[in-house]
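*Asks:* Sequence and computational prediction follow.
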Amino acid sequence: MSVTTHDDTHAHDHHDHGPAKGFMRWVTTTNHKDIGTLYLITGLIMFFVGGAMALVIRAELFEPGLQYVDPHFFNQMTTLHALIMVFGAVMPAFAGLANWMIPMMIGAPDMALPRMNNWSFWLLPFSFVMLASTLFMDGGAAAAGWTLYPPLVLQTGHALPFTVFTVHLLGMSSIMAAINIIVTVFNMRAPGMTMMKLPLFVWTWVITAFLLIAVMPVFAGAVTMLLTDKFFGTSFFNAAGGGDPVLYQHLFWFFGHPEVYILILPSFGIISSIIPTFSRKPLFGYSSMVYATASIGLLSFIVWAHHQYTVGMPLAGELYFTYATMLIAVPTGVKVFNWLATMWKGAMTFETPMLYAIAFVVLFTMGGFTGLMMSISPADLQYHDTYFIVAHFHYVLVPGAVFALFAATYYWLPKWTGHMYDERLGKLHFWLTTISVNICFFPQHFVGLAGMPRRIPDYAVQFAEFNAMSSVGAFVFGFSQLIFAYVIYKAIQGGEKASSEVWEGAEAHGLEWHLPSPPPYHSWTEAPAQALISDLH
Amino acid sequence: MASTTKDAYYIPHKAQWPIFGSIGLSTLLAGFANYLNGHGFGSTMMIVGLGILVTMLFGWFGTVINESENGIFNHQVDISFRWGMMWFIFSEVMFFAAFFGALYYTRVLSESWLAGDSSFSYGSTKELLWQGFTAVWPNNGPGHVGGLEDGTFHPMGAWGLPALNTLILLSSGATVTWAHWGLLAENRAQLIKGLIATVILGFSFVLLQATEYHEAYSEMGLTLGTGIYGSTFFMLTGFHGLHVTIGAIFLTVVLFRSIRGHFTAKHHFAFEAAAWYWHFVDVVWLGLFIFVYWL
Ligand code: HEM
Ligand SMILES: [Cu+2]
């Protein structure tokens, strides 16, 4: 059979399986695009839910003293905000992108295990309902922070077992999604699509999936121990029985540090796709990008206790974790320099995805630098549990992971919907977001260095100005996201028709740009032509 | 290239079972949580949830078995299943790693800190909190949590039942391999005999484990609540026992399918998946035998 080189012929391949009709289409779907869409919409909704909680926190912190919420509720907000942003917004959104893009990028008809794909999504709504319901239980939701440290978290009321089981459900969902992604990439690549031809988004997701399968079970084990300590009399975290609360911290961060890379590696892949397109150059140092990603993945398993410098570790531990953590800056630096070199002397244009990608490079790198500062254990004794930490991880997570998600959305939205988005609104969204995110988080470095603790609803008066600024930035940021939702809604409704290439020259950067916009229900029912694959760079 | 349907990678449509799975599983867990919080209706919810979940398992696996027997899966689908199973087993390995890690951490590190090891720079715990505690494994902590009336307990020795159980599991690894050879040689009698032996050995293991638990609870003062020793002992061996049970059920299904004439020398993913799972359970046991019972 001849191979599809032109878009239109492809659409006719599908006489039989179009999408089913109505609501049940979404409940029983096995289609990677449907499931991708479900993930992405869920991620966006949870972004607003988690965002609303963040605004409760920032409203309370606008002035010193207690104004709007009581301290216990404040702590529930910090805990749920973080859990929802991590597990509800960012991870599902990345899984949605993986579902949409990976089959299209590797020349596959769909994901390798389509029914399991459905299940990994459909566990999420149930988990989030369970988590949200804890707010209304006796004793309120968990309030010990997203890290759920004992012994504090064991004081949670009726919410504790529900929180633990939410973690189990979310873990199952992530593990199934990760298995599916690895199997798809290993087994579903079109002939000629060798591993070293894969777009970096695919590579970074493979490594992310490996991290997920390795660490989600450890987190599941750790929260299981919380459950049995609370209800079945075990002593894992109880010194009187010979256990140790610090054990929980080790287990949690053995999961937690790779988890932060789970949140950022797919972003690296997205940025590595976007910068070449808008620089009109191939990605600089492709194979070094792959190796850097792999080394970050491996290193992420051996640095976890840099989150525990103040807990009382033996000196050898403090030293080891300091040096090991600093090593991560090396492959991360390789990436940043490769992005810069890709832009160097490129014929750059600055559409919204590129603006977000450039902002990512600058602002994520700032978050990386504060990370390096904190990796020095004696220095971290000062930074730990202050707003400096909050500034660090928000720089890597918001203008890092979330900006990458914005960039990806603007970049691929025309492909998904078949319509160009409104570039003017996109740029407005970009500038409002970028300015406000810095107003929100930059001052937190200063108050943190001066000693303002995190996870406390009140603070000393000398921090008032910076906190007020921060809150203003947060509210502007929050409301700017309504523009984002509107731009997506508008592009789904209609607009200028997008070509299959969408962006000038994009065809050389990925197979997805060879499919029509929007692509057919099943992506590549016939393997793409060899020429398409060998022309990629 | 997709020229005939049989060559094409099979993509199922309209999957109803996953949503059953989500409903069943969340009902089960929500029921369990309510039960733990002391709400009577929790246990009813658990039963309902479990019922839905079991229905889902029968339905989902049943569908896939039918598809497999109708020759819908090509070689590439088979490989996807294999990769999927391997990564699933890897995730299980990591789940056990968390509990082995906890055992290592307490036995090697935190016990001696609790007992005032001076190599630990902040080693004043003992002076301030737990005077008189010396770190001898096994123990139930300086507070003598759980145990018999006087706070003591008898640890589980390695050379009685546990050694027998080791022998049983190792032999079952051999019988399942023998069954596999039968399958590869198209010798169905050997396949079935091998599987019957494996399943019997598997369930005997579970039975002996139950006997051991009974003894621990009734006579040795060794319970889940017996300090860190009881915690690690029962959580590790308990999760392992659960996995043996699941593996034995899995093998039983494979046995019934073999009796019905399923599987060929070339096409028997389910058999191999069950066998891999069984070997994984076996290896975990060796770790348990060495680090929990013996050393
Ligand atoms: C150059 C790379 C990085 C280094 C050296 C680094 C270092 C650190 C250190 C030492 C801490 C602990 C500080 C403390 O609590 O005292 C920390 C906290 C944190 N980092 Fe990073 N980090 C890096 C990149 C990232 C990335 C990429 C992310 C996520 C996208 C991230 C997310 C976080 C989070 C969420 C926390 C706070 C966790 C909590 O206590 O709640 N970091 N980082
Ligand atoms: Cu970390």
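*Replies:* Perfect, thanks for sending it. Ligands and ions are numbered 1, 2, ... in the order given.

*Asks:* Give me the spatial nearest neighbour of residue B:179, chain neighbours excluded.
*Replies:* Counting by Cβ to Cβ, 6 or more residues apart in numbering or on different chains, residue B:179 lies nearest to residue B:194, which is 2.5 Å off, once chain neighbours are set aside. Where you see a C-beta, it was placed from the backbone N, CA and C, and this is true even at glycine.

*Asks:* List the buried residues of the helix or strand containing that neighbour.
*Replies:* In the assignment (DSSP states H and E), residue B:194 maps to helix B:188-215. Neighbour counts using 16 or more other Cβ atoms under 10 Å in any protein chain shown place B:190-192, B:194-199, B:201-205, B:208-209, B:212-213 of helix B:188-215 among the buried residues.

*Asks:* can you check stretch A:476-483 too?
*Replies:* A:476, A:477, A:478, A:480, A:481, A:483.

*Asks:* of all those residues, which comes closest to chain B?
*Replies:* Nearest to chain B among those: residue A:481, at 28.7 Å, using Cβ to the nearest Cβ.

*Asks:* how much space between the residue nearest to residue B:179 and chain A?
*Replies:* 29 Å (Cβ to the nearest Cβ, to the nearest Å).

*Asks:* Please name the residues that touch that residue.
*Replies:* B:175, B:176, B:177, B:178, B:179, B:180, B:181, B:182 (Cβ atoms under 8 Å, 6 or more residues apart in numbering or on different chains).

*Asks:* Show me what the helix or strand that the helix holding residue B:194 is followed by is packed against.
*Replies:* For helix B:188-215, the succeeding helix or strand toward the C-terminus, using DSSP H and E, is helix B:227-259. Where contact means 3 or more Cβ pairs under 8 Å, 6 or more residues apart in numbering or on different chains; DSSP states H and E, helix B:227-259 is packed against helix A:200-231, helix B:75-104, helix B:161-184, helix B:188-215, helix B:269-288.

*Asks:* picking up where we left off before, a markdown table please, covering the buried residues of stretch A:476-483 and showing pLDDT, distance to chain B and secondary structure.
*Replies:* Compiled in a markdown table, the buried residues of stretch A:476-483 are given as follows (pLDDT from 0 to 100; distance: Cβ to the nearest Cβ, whole Å; DSSP: H, G, I helix; E, B strand; the rest coil):
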| residue | pLDDT | distance to chain B | secondary structure |
| --- | --- | --- | --- |
| A:476 | 98 | 38 | helix |
| A:477 | 98 | 33 | helix |
| A:478 | 97 | 30 | helix |
| A:480 | 97 | 34 | helix |
| A:481 | 98 | 29 | helix |
| A:483 | 98 | 33 | helix |
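
*Asks:* tell me the contacts of the residue in chain A that ligand 1 sits nearest to?
*Replies:* In chain A, the residue that lies nearest ligand 1 is residue A:371 (2.5 Å; Cβ to the nearest ligand atom). Applying Cβ under 8 Å, 6+ apart, we find residue A:371 in contact with A:325, A:329, A:392, A:396.

*Asks:* if I look at it, how far off is residue A:361?
*Replies:* Residue A:371 sits 16 Å away from residue A:361, going by Cβ to Cβ, to the nearest Å.

*Asks:* Same question for residue A:477.
*Replies:* When distance is defined by Cβ to Cβ, residue A:477 is 20 Å away from residue A:361.

*Asks:* With residue A:442 as the reference, name the closest of the helices and strands packed on helix B:227-259.
*Replies:* helix A:200-231 (27.7 Å; Cβ to Cβ).

*Asks:* is the closest one up against ligand 1 anywhere?
*Replies:* No. Helix A:200-231 lies out of reach of ligand 1 by Cβ under 6 Å from any ligand atom, never closer than 11.6 Å.

*Asks:* all helices for the stretch 1-150 of chain A, in order.
*Replies:* Listed in chain order, the helices of the stretch 1-150 of chain A (DSSP state H, counting those that start in this stretch) span residues A:7-11, A:23-28, A:32-60, A:71-83, A:91-106, A:114-133.

*Asks:* which one of the ones you listed lies closest to chain B?
*Replies:* Per Cβ to the nearest Cβ, nearest to chain B of the helices of the stretch 1-150 of chain A: helix A:114-133, 3.6 Å.

*Asks:* Do that closest one and chain B come into contact?
*Replies:* Yes. Helix A:114-133 comes into contact with chain B (Cβ under 8 Å from any Cβ of the partner chain), by way of A:114, A:115, A:116, A:118, A:119, A:122, A:123, A:125, A:126, A:127, A:130.
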